[in-house]
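Q: sequence unavailable; structure follows:
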């Protein structure tokens, strides 16, 4: 039996450009091929396209999907993904080309070719490429997100992708019941912190939103278009929030896609209640109207980097009666992070103090430290762990915990590191 080889092409000691090569003597597949979202996009290590047999996409976020079109510049590859992940990645990559095309090696043409070469794969269905067999399972991260279970050369390997064990209003958590495994590639985004308990967080959030709206204020909720916007809508619907809620930006199109693939959602009825109770912002007239009334506005971008949220903050930020509730992670250097730490934002073209109340609610779609440890404990067999997708020492932190507390081998790989399973 020849060994199974894994090579880390990105997401090592960083959050972004997730890309892993899994190779036997005959076959090579890539798990994700994403970008690093800095001022200009960063790409994973290059792999000669002719040596790649297929690409398996875990979920639609650009740090996992955004570099896949590179494989369609001069050729064609099969990309495996479920239908919802495929549609959402088309939405995100298309927007990415629109915003960053100056820096990208591909165009809309390559994206269209990629979409034609996607093979849809439902959860729990086995697929074979060469001598590698794999299946997708629910990851609980965003709608359509998957973990990848690979079997080859008599070995069993799990790639967790970005995942979450807890049930949220929108999604069921990942189950992690995989039988004996030989290797696990695990994310470590929040290895150093726990998230608050969901029920208390939801209650506090809904109470504070209600308080602002009932005193005549407007609450702006900048949220990621995929997952977070719909989650917030579902939370408000589940708590019978009775005031107007507006939904804007790419979150509208993403919600339409989810309506066509309800099998990926935990509670389709709640989701439809939420969708039916929100007002869809159709244009500038709706936008201006929403800023002048007591209501909630859910709008991308989640970190205030563009999107309609950038317009809303310039109107809503000026009044002390209003509030800006951040519900997504704020990357250092983004306008959202500046707002959170310094209370300032660009309004009317210059940096100004925001008068509205600013708060952050940690509705994460990743495991916190407690869940990451729980996930490790749920793995059977003497698996070796490869810890990736963590910044500021989080990869090493989780790897050390696994070695010390779980008594299993663990490593935080560097870019280009290759291991035999």
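A: Here it is on my side, so go on. Here the structure is a predicted model, which is why all the values come from computation and not from measurement.
Q: for residue 243, give me its contacts.
A: Remark: with contacts taken as Cβ atoms under 8 Å, 6 or more residues apart in numbering, residue 243 is in contact with 210, 213-214, 294-296. Glycine gets a C-beta too; all of them are placed from N, C-alpha and C.
Q: now with 7 Å, please.
A: With contacts defined as Cβ atoms under 7 Å, 6 or more residues apart in numbering, the neighbours of residue 243 are 213, 294-296.
Q: what of residue 210?
A: The contact partners of residue 210, taken as Cβ under 7 Å, 6+ apart, are residue 241.
Q: kindly report the same for residue 352.
A: Contacts of residue 352 were listed using Cβ under 7 Å, 6+ apart, and they are 344-345.
Q: return the members of the contacts of residue 243 classed as buried.
A: Buried residues within the contacts of residue 243, defined by neighbour count using 16 or more other Cβ atoms under 10 Å: 213, 294-296.
Q: can you give me the buried ones in stretch 241-259?
A: Along stretch 241-259, the positions that meet the burial threshold by neighbour count (16+ other Cβ under 10 Å) are 241, 244-252, 254-255, 257-258.
Q: among these, which lie within strands?
A: 245-247 (DSSP state E).
Q: ok, these vs residue 46, which is closest?
A: The nearest member of these to residue 46, counting by Cβ to Cβ, is residue 247 at 39.6 Å.
Q: give me the spatial nearest neighbour of the closest one, chain neighbours excluded.
A: With Cβ to Cβ, 6 or more residues apart in numbering as the criterion, residue 247 has its nearest non-adjacent residue at 4.5 Å, and that residue is residue 278.
Q: surely the one you found meets residue 245?
A: Yes: proximity of residue 278 to residue 245 meets the contact threshold set by Cβ atoms under 7 Å, at 4.7 Å.
Q: for these two, list the residues in contact with both.
A: Once Cβ under 7 Å, 6+ apart is applied, the residues that residue 278 and residue 245 both contact turn out to be residue 233.
Q: just the pLDDT for residue 247.
A: We note a pLDDT of 98 for residue 247 in this prediction.
Q: next up, the contacts around it.
A: 229, 233, 255, 278, 280-281, 298.
Q: same question for residue 86.
A: Going by Cβ under 7 Å, 6+ apart, residue 86 touches 118, 120.
Q: count of residues packed around the nearest residue to residue 8 once chain neighbours are set aside?
A: Excluding its sequence neighbours, the residue lying closest to residue 8 (Cβ to Cβ, 6+ apart) is residue 413, at 4.4 Å. Other residues near residue 413 come to 21 when the count uses other Cβ atoms under 10 Å.
Q: tell me the contacts of residue 413?
A: Under the criterion of Cβ under 7 Å, 6+ apart, the neighbours of residue 413 are 8, 12, 386, 388.
Q: could you count how many residues lie near the residue lying closest to the last one once chain neighbours are set aside?
A: Looking back up the chat, that one is residue 388. Spatially, and ignoring its direct neighbours in sequence, residue 388 is nearest to residue 11 (4.6 Å; Cβ to Cβ, 6+ apart). Under the neighbour criterion other Cβ under 10 Å, residue 11 is assigned a count of 27.
Q: from what I see, residue 11 and residue 387 are in contact.
A: No: here residue 11 does not reach residue 387: they are 10.3 Å apart, not a contact under Cβ under 7 Å.
Q: related to what we said a few turns ago, now do the residue nearest to residue 247, the pLDDT please.
A: pLDDT, residue 278: 97.
Q: what of residue 207?
A: Per-residue pLDDT puts residue 207 at 98.
Q: go on, residue 333?
A: You'll see residue 333 listed with a pLDDT of 82.
Q: going forward, begin numbering at 22 instead of 1
A: New numbering, starting at 22: the last item is residue 354.
Q: is the spatially closest residue to residue 24 that is not a sequence neighbour bridged to anything, and to what?
A: Nearest residue to residue 24 in three dimensions, chain neighbours excluded: residue 441, at 3.9 Å (Cβ to Cβ, 6+ apart). The bridge-partner assignment for residue 441, based on DSSP bridges, gives residue 26.
Q: count of residues packed around residue 441?
A: Residues near residue 441, counting by other Cβ under 10 Å, number 11.
Q: ranking by neighbours, what's the top pick from the contacts of residue 434?
A: residue 409 (27 neighbours).
Q: looking at it, it is touching residue 419, isn't it?
A: No: between residue 409 and residue 419 there is no contact under Cβ under 7 Å: 9.7 Å.
Q: residue 54 and residue 385: what is the separation?
A: Between residue 54 and residue 385 the distance, using Cβ to Cβ, to the nearest Å, works out to 24 Å.
Q: neighbour count for these two, which is higher?
A: Here residue 54 and residue 385 are compared on neighbour count by other Cβ under 10 Å; more neighbours surround residue 54, at 29 against 23.
Q: the more buried one contacts residue 88, correct?
A: Yes: when contacts are counted by Cβ under 7 Å, residue 54 is listed as touching residue 88 (4.6 Å).
Q: who touches both of these two?
A: Contact criterion Cβ under 7 Å, 6+ apart; residues shared by residue 54 and residue 88: residue 65.
Q: now do the buried residues in the helix-or-strand element of the chain with minimal mean pLDDT.
A: Across the helices and strands of the chain, mean pLDDT, DSSP states H and E gives its lowest value to strand 365-368, namely a mean of 88. Buried residues in strand 365-368, defined by neighbour count with 16+ other Cβ under 10 Å: 366-368.
Q: export those to a markdown table and tack on distance to residue 145?
A: Listed next are the buried residues of strand 365-368 as a markdown table, based on distance: Cβ to Cβ, whole Å:
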| residue | distance to residue 145 |
| --- | --- |
| 366 | 45 |
| 367 | 47 |
| 368 | 50 |
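Q: and those residues, which is closest to residue 194?
A: Nearest to residue 194, judged by Cβ to Cβ, of the buried residues of strand 365-368 is residue 366 at 34.4 Å.
Q: who's in contact with the closest one?
A: 334, 338, 356, 359-360, 373, 375.
Q: swap the cut-off to 6 Å and go again
A: Residues touching residue 366, when contacts are defined by Cβ atoms under 6 Å, 6 or more residues apart in numbering, comprise 334, 338, 360, 375.
Q: how about the nearest residue to the second one, chain neighbours excluded?
A: With sequence-adjacent residues excluded and distances taken as Cβ to Cβ, 6+ apart, residue 338 is closest to residue 375, at 4.1 Å.
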